[in-house]
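Novice: let me see the structure of the following:
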Amino acid sequence: MNNEKPAILGFHYKVVVTQRFFDAQAIEHLRQHGCEVVIAELRQGQADADLSEPQLRALLDEADGWIVGHASVTASLLESLPRLKVIARRGVGYERVDTAAVKAAGKVATIAIGGNDASVADHTVALMLAVCRQLKQCQSGLAADDWTIPLGSDLYRKTVGVIGLGRIGQGVLRRLAGFDVKPLVCTPHPDATHANGIAPDCFVDLETLLRESDFVSLHAPLNPATNGLIDEHALKLMKPSAVLINTARGGLVRDAQLLRALQENQLAGAGLDVFESESDPALSRVTQQLIKLPNVVATPHVGASTVEGLSRTNLIAAQCVVAVLEGRSPPRHCVIADGRPTTDVEENL
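Specialist: Take a look at the predicted model:
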């Protein structure tokens, strides 16, 4: 079946974007390379993950490229879109992308490595400070004309455990160096190239990290090995004065068990940008209960959502799309699945 179509008004390809905040620079990059850009119209508060498969199919029916946020990329969806050649995630997590199905369908899937690392690292430190300085209580008190002074605690010279030492984890530790913290790191790759100047004795097993840390910050990918990593057992290992920070993926933490630990004063607090209910709506009530706790500072998965961070990831996604549509390969570190018959092509953006 021939899925090629003639150029319309100078455009050779159609690229559909199902994410908000897709900026002019990325759009211009696509247009300069012959791409018609279609931005999906989403309702206020709606994300592409809320779209049904028939809705996605209707949007993508004639698309050559798809720049996606959190929608599920399934085998059945891909089978219904023979024209589609490339799926580019504007982000780095890809647990909702069926990479085996992408390969089987002869398509390419990419992620935007390196675009939002700094933004998420900044947000992680912001949550640490917000929890330990009780900013939520301060704000709500002042709003009620209550000038009682909550007694916070320092981040300065505390022990901070980082689980996962990818780009974001490394960025968090660089930022925390100014607070003179003692770092502890749990990572499956504690080798010299990955250590980034961290002393060898800072690399510990998970149980040691949980027992000794004043702050535990999650930066691991979500996969079968890490799903539910922070469960009831892990939470009981932590200090009652400790704070849990999750800016990675909701599935890393069993939120109902975290809620119970906070309600029973097993932990001092939590800073949460992600929740299990993002992938399991049945847990929405747990999320709401967590958000209402005075010692929880919660944000709606905004760690990567800065003007600068989204501009970087938008452009990386656009560059990856263009590379595939022009018969080239995106940077190897951005490719999560490549099902093209021949991938021995130029790697150059």
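
Novice: now the element after the least confident helix or strand in the chain by mean pLDDT, going C-ward?
Specialist: Across the helices and strands of the chain, mean pLDDT, DSSP states H and E gives its lowest value to helix 192-195, namely a mean of 53. Going down the chain from helix 192-195, the next helix or strand is helix 206-212, by DSSP states H and E.

Novice: shaky segments in the stretch 101-250 of the chain?
Specialist: 191-196 (pLDDT under 70).

Novice: helix, strand or coil: sort out Pro188 for me.
Specialist: coil (DSSP: H, G, I helix; E, B strand; the rest coil).

Novice: got the phi and psi for it?
Specialist: Backbone torsions of Pro188, given as degrees, to the nearest 10, read phi -70, psi -10.

Novice: quick one: contacts for the closest residue to Pro200 other than its chain neighbours?
Specialist: Among residues not flanking Pro200 along the chain, Pro190 sits closest, at 7.8 Å (C-beta to C-beta, 6 or more residues apart in numbering). Where you see a C-beta, it was placed from the backbone N, CA and C, and this is true even at glycine. Pro190 makes contacts with Leu165, Pro200, Phe203, as judged by C-beta atoms under 8 Å, 6 or more residues apart in numbering.

Novice: neighbours of the first one, just the number please.
Specialist: Yep, that's Leu165 we're talking about. 24 (other C-beta atoms under 10 Å).

Novice: that one contacts Val185, doesn't it?
Specialist: Yes. Counting by C-beta atoms under 8 Å, Leu165 touches Val185, with 5.5 Å between them.

Novice: who touches both of those two?
Specialist: Joint contacts of Leu165 and Val185 (C-beta under 8 Å, 6+ apart) are Leu173, Ile198.

Novice: for this structure, longest helix please?
Specialist: helix 307-325 (DSSP state H).

Novice: list the helices and strands that helix packs on?
Specialist: strand 13-17, helix 24-32, strand 35-39, strand 65-68, strand 86-89, strand 108-110, helix 117-132 (3 or more C-beta pairs under 8 Å, 6 or more residues apart in numbering; DSSP states H and E).

Novice: so which residues make contact with that helix?
Specialist: Here helix 307-325 makes contact (C-beta under 8 Å, 6+ apart) with 12-13, 15, 21-23, 25-27, 29-30, 33, 35, 64-65, 67, 85-86, 88-91, 108, 110, 112-116, 118-120, 304, 329-331, 334, 348-349.

Novice: just the buried residues of these.
Specialist: 12-13, 15, 22, 26-27, 29-30, 33, 35, 64-65, 67, 85-86, 88-91, 108, 110, 112-113, 115-116, 118-120, 304, 329-331, 334 (16 or more other C-beta atoms under 10 Å).
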